[in-house]
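Asker: here is the input, now give the coordinates:
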Amino acid sequence: MSVPTPHNHANVGDIAKTVLMPGDPLRAKYIAETYLTNPVCFNTVRNMLGYTGEYQGKRISIMGSGMGIPSMGIYSYELYHFYEVESIIRIGSAGGIADGVALRDLVLAMGACTDSNYGSQFRLPGTFAPTADFSLLEKAVQAARKMGVPHHVGSVISSDLFYGDYADSLTDWKKMGVLAVEMESAGLYMNAARAGKKALAMFTVSDLPLTGEGLSADDRQMTFTQMMEVALEIAE
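Answerer: As a prediction, this is how the structure comes out:
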């Protein structure tokens, strides 16, 4: 398949080897304009904005992924296979479900459980366990410690459901030690594994769905800054 793809009109070389991926394309725009030197927009197709610039001498790209594994699956696949991207770092929000996971904390997804059928395409004779790249995970832990950011490392649940019909599903995942719920990481980790590339997902805890607590819009903006800075610090 040639580029531009149906979803990305960048040319090969326009995108850096490391891409930070928030779900919201407007957050990608905010990060690029706030942190990158001379950011250049390389994609506007479907308003899934992408930018490339420099951060402390490192060439970095930032692009939205959209919501859910299907959307993340498309964009991460194209970045890995058509644009020579080596590492994708997902930066998003998540709902904390484990005891001790508080609002504003950082969650680093060592593993990503899922209720999605995305992995069936690989026709494996068993269940695949999607995991992060350890080198990126280790750097993120070190950066969070250095910056004094409260953080947790463990499994998340990448769910296809935002409005689920089974009310106790998160309680069931909590029983298995899952830290938080989100919607994209398992697909990203599977695509990275299949492509032989690197991936890491990190999240700011924006709400606690089992208790009903959540951050205001202003609080989200202030707290998400810490996650952005950890991701920028570890970008290769």
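
Asker: give the contact list for the closest residue to residue 44 other than its chain neighbours.
Answerer: Closest residue to residue 44 apart from its sequence neighbours, by CB to CB, 6 or more residues apart in numbering: residue 9 at 7.5 Å. Using the backbone N, CA and C atoms, a C-beta is placed for each residue, glycine as well. For residue 9, the contacting residues are 42-45, by CB atoms under 8 Å, 6 or more residues apart in numbering.

Asker: of those, which is the most crowded?
Answerer: Most neighbours among the contacts of residue 9, by other CB atoms under 10 Å: residue 43, with 25 neighbours.

Asker: poorly predicted segments of this structure, please.
Answerer: By pLDDT under 70, the low-scoring segments of the chain are 1-2, 221-222.

Asker: spatially central residue for it, please.
Answerer: residue 90 (1.9 Å; CA atoms, centre = their mean).

Asker: can I assume it is in contact with residue 64?
Answerer: No - counting by CB atoms under 8 Å, residue 90 stays clear of residue 64, with 10.9 Å between them.

Asker: give me the common contacts of the two.
Answerer: What both residue 90 and residue 64 touch, as defined by CB under 8 Å, 6+ apart, is the set 21-22.

Asker: hang on, residue 94 in a helix?
Answerer: No - per DSSP: H, G, I helix; E, B strand; the rest coil, residue 94 lies outside any helix segment and is strand.

Asker: could you measure from it over to residue 149?
Answerer: Per CB to CB, to the nearest Å, residue 94 is found 15 Å from residue 149.

Asker: which one of the two is surrounded by more residues?
Answerer: Legend: neighbour count by other CB under 10 Å for residue 94 and residue 149, higher for residue 94 (27 against 18).

Asker: what's near enough to touch that one?
Answerer: Residue 94 touches 107, 156, 180-182, 203-206, counting by CB under 8 Å, 6+ apart.
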